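*Asks:* Test case, fold it:
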Amino acid sequence: MSKRPVLIELDEPAEITPATAPVIADEIPQGRAMQSVAALAARRPSRLAKFFWSALVALVSFVASVAAWDFVTGLIERSPVLGAIALGLTGLFVFSLLLIAGKEWLAIGRLKKIDGLRKDAEAALATGDLKASRAVSRRLLTLYANRPELEAGRAAVNARNGDGFDADAVLGEAETQLLAPLDALARLEVEAAARQVATVTAIVPLALADLVAALTSNLRMIRRIAEIYGGRSGTLGSWRLTRAVLTHLVATGAVAVGDDLIGSIAGGGVLSKLSRRFGEGVINGALTARVGVAAMDVCRPLPYSTQDRPSVTGLVRRALTGLFPTG
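*Replies:* Sure, this is the predicted structure:
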């Protein structure tokens, strides 16, 4: 039996063809690791959560104290020598806790001292108060009295402290002689943190590796910047400082990735030519640099006057030179 040809009626030509299909835009990297770190650090715990954790810590501390007391007193009844040893070790443990608490208290006090110094300097500059500006300059000399690397700067400020006839000149001299060297050290810390975050994001394919790298690098960077400017912070102080910095950035929208950030670090269309992970690395590094600049603003005992505020673009380009083609 012969096969007859089959006539297949075609529908009307499709309106969209591969030639006329719209171009799919490349996904712009968003720096999700840094976005997550900022959201985590800036999130305020609820009152119920704070009450729960406070009650839990109090309960655990009470149970541990009672257990330690029963253990030591029972051991003293069984063996006075062993009981005395246990009592001494317990005393050493409590003493170490008091030392840690004292260190944290002093660290928070140093951060408050620097914050107060900066506020007084801003007020002196706003009102043009020469007497107040000289008082701020003397307090700054006291703050850095034990910094050998600032010996020449201290001598210059002491020699010219009475020569200034306005608040801008007095505080400008202090900023130039004392804070300019510290600004250079802080910029190096920011560049190192941005480089580390960008490299881990781009190279390490493990899940959450970029988030862990961003969190640890930013915590270490903020703590080092505080130490550079004289506010050596403990664990609690560092966390409070980190929350203050990131909360400010979230509130002002500085952790968002906009066209200005992409254009400044990617030279326009270069970023779109990179792989997605490389693009994420560059963005995470740039957001880390933003955190570092904000940390310098918070930790610096004087506002920027004679010295220029660091540029995020410049920091990122110096940090990532040789790693990515950032333009």
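
*Asks:* I'd like to know how many residues surround residue 182.
*Replies:* Neighbour count of residue 182, defined by other C-beta atoms under 10 Å: 22. For every residue, glycine as well, the C-beta is placed using N, CA and C.

*Asks:* and what of residue 113?
*Replies:* Count around residue 113 with other C-beta under 10 Å applied: 15.

*Asks:* The helix or strand hosting it - what's its average pLDDT?
*Replies:* When elements are assigned from DSSP states H and E, residue 113 belongs to helix 80-127. Averaged over helix 80-127, pLDDT sits at 86.

*Asks:* the inter-axis angle of whichever helix or strand comes after it versus helix 80-127?
*Replies:* Note on helix 80-127: by DSSP H and E, the next helix or strand toward the C-terminus is helix 130-143. Orientation check (axes from the mean of the first three to the mean of the last three C-alpha atoms, to 10 degrees): helix 130-143 against helix 80-127 gives 150 degrees.

*Asks:* Helix 130-143 packs against which elements?
*Replies:* In terms of contacts (3 or more C-beta pairs under 8 Å, 6 or more residues apart in numbering; DSSP states H and E), helix 130-143 is packed against helix 80-127, helix 151-160, helix 167-174.

*Asks:* out of those, deepest packed?
*Replies:* Ranked by mean neighbour count under mean count of other C-beta atoms under 10 Å, the helices and strands packed on helix 130-143 are led by helix 167-174, which reaches a mean of 22.

*Asks:* Let me know the average pLDDT across that helix.
*Replies:* 86.

*Asks:* what is the orientation angle of the helix or strand that that helix is followed by with helix 151-160?
*Replies:* Going down the chain from helix 167-174, the next helix or strand is helix 180-203, by DSSP H and E. Helix 180-203 runs at 140 degrees relative to helix 151-160, counting by the same axes, to 10 degrees.

*Asks:* starting at the chain centroid, how far to helix 180-203?
*Replies:* Remark: helix 180-203 is offset 11 Å from the chain centroid, using C-alpha atoms, centre = their mean, to the nearest Å.

*Asks:* Only the buried residues of it, if you could.
*Replies:* Neighbour counts using 16 or more other C-beta atoms under 10 Å place 181-183, 186-187, 189-202 of helix 180-203 among the buried residues.
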